[in-house]
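Visitor: Just need the structure, nothing else, for what follows:
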Amino acid sequence: QVQLVESGGGLVQAGGSLRLSCAASGSIWSIGTRSWYRQAPGKERELVATMFTSGDIIDYADSVKGRFTMTVDNTKNTIYLLMNGLKPEDTAVYYCYAVIAPYSDDRTHDYWGQGTQVTVSS
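Guide: I've put the predicted structure just below:
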């Protein structure tokens, strides 16, 4: 069974850094689009960064451009989100997302990580 497992959240002071990880495991045939989302209390889930299948193009939300960097290690089926210059408004639960085709299926499916809390104190 395919699953995404996140790690790396925590509490940090404003201006600090954190790195989130999201590892895909299970019987995976291929992975397409991979993204990071976040959801702050009382707000809708918003897209933070998206890496398209090729890995060459990454789009970032305007609010995180220049501060956040999304990378991938295809040998580990893991994506990362390096967050620098954190601000209190970055406080949210962060979720990873991926479009994955399992070996057991001829279709792709959407998978979500369990979420990890990032809290930035002022």
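
Visitor: Could you use CA atoms for every contact and neighbour count after this?
Guide: OK.

Visitor: didn't Asp73 look like it was pressed against Ile79?
Guide: Yes: Asp73 is within contact range of Ile79, at 6.3 Å (criterion: CA atoms under 8 Å).

Visitor: Dihedrals phi and psi, the nearest residue to Thr33 once chain neighbours are set aside?
Guide: Take Thr33 and drop its neighbours on the chain: the residue closest to it by CA to CA, 6 or more residues apart in numbering is Phe52, 4.6 Å away. Note on Phe52: backbone dihedrals following degrees, to the nearest 10 are phi -80, psi 170.

Visitor: Likewise for Asp90?
Guide: phi -80, psi -10.

Visitor: and it, how many neighbours?
Guide: Neighbourhood size, Asp90 [other CA atoms under 10 Å]: 20.

Visitor: what number of residues lie near the closest residue to it other than its chain neighbours?
Guide: Excluding its sequence neighbours, the residue lying closest to Asp90 (CA to CA, 6+ apart) is Val120, at 6.7 Å. Burial of Val120 is recorded as 20 neighbouring residues (other CA under 10 Å).

Visitor: and what of Thr78?
Guide: Using other CA under 10 Å, Thr78 has 18 neighbouring residues.

Visitor: And it, how far from Ala98?
Guide: Between Thr78 and Ala98 the computed distance is 11 Å (CA to CA, to the nearest Å).
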